[in-house]
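*Asks:* Pasting the sequence and the predicted model now:
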Amino acid sequence: MASKSNRQRKLERARAERRLARRAEQQRRKRQVQAAIGGAVALIVIALGTTWLLGGFSSKPEPVALPSCTWTPKDLTTESGVTDTGTPPTSGEQRTGTEMLTIKTNLGDIQASSAVLSFADNGAGTGGTLTVSDGTHTANVALVGSFDAAGFHLDPDHALGVVITYSDHLLP
């Protein structure tokens, strides 16, 4: 009889050890899940705190300063065919609007009804050549600055002949 009771005790001890192992595994998984949740919450709090400190929740946007134009003076004694037109303004440059341009050539005025406009960039992004032609007369205008060909528009003007406008789509 002693062997039967020993056997029962051994079986009961094995069941108890399995129960303890299952409970320990469940507790280990529970701690892992809690640690992952705690880490995610900490990461979110750090991200929100950093955003708040850097002004991400500020109701007033910071004003953006538009870039100003720069120019390079030329030595008029070495440049042949260059005429001194003065110095550009250092402040108060016009940022928007239109300018009227009438193209009169020594061969005649360019007719608005058949005029064609094209712009060829110089490849460096610092200027290019604006060409206006009515098929008979052609005017090539050298431009200095950053221009996009899509910004130039040619419109007929009954009083002046041709109006060329430029709208920079990159400006706010």
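*Replies:* All right, it came through fine.

*Asks:* Which strands and helices lie in contact with whichever strand or helix holds residue 140?
*Replies:* Per DSSP states H and E, residue 140 falls inside strand 138-144. Packing partners of strand 138-144 (3 or more CB pairs under 8 Å, 6 or more residues apart in numbering; DSSP states H and E): strand 127-133. Backbone N, C-alpha and C define where each C-beta goes, glycine included.

*Asks:* which other residues reach the strand it packs on?
*Replies:* If you take CB atoms under 8 Å, 6 or more residues apart in numbering as the criterion, strand 127-133 is touched by 103, 110, 115-122, 138-145, 147, 152, 154, 162, 164.

*Asks:* Okay, domains of this structure per the record?
*Replies:* The chain breaks down into these domains under automatic domain parsing: 1-61, 104-166.

*Asks:* Would you single out the least confident of the ones you listed?
*Replies:* For the domains of the chain, the weakest mean pLDDT is recorded on domain 104-166, namely a mean of 75.

*Asks:* Tell me how far residue 74 lies from residue 144.
*Replies:* Remark: distance between residue 74 and residue 144 (CB to CB, to the nearest Å) = 11 Å.

*Asks:* I misspoke; the intended subject was residue 42.
*Replies:* 55 Å.

*Asks:* for residue 116, same thing?
*Replies:* The value you get for residue 116 to residue 144, if CB to CB is used, is 23 Å.
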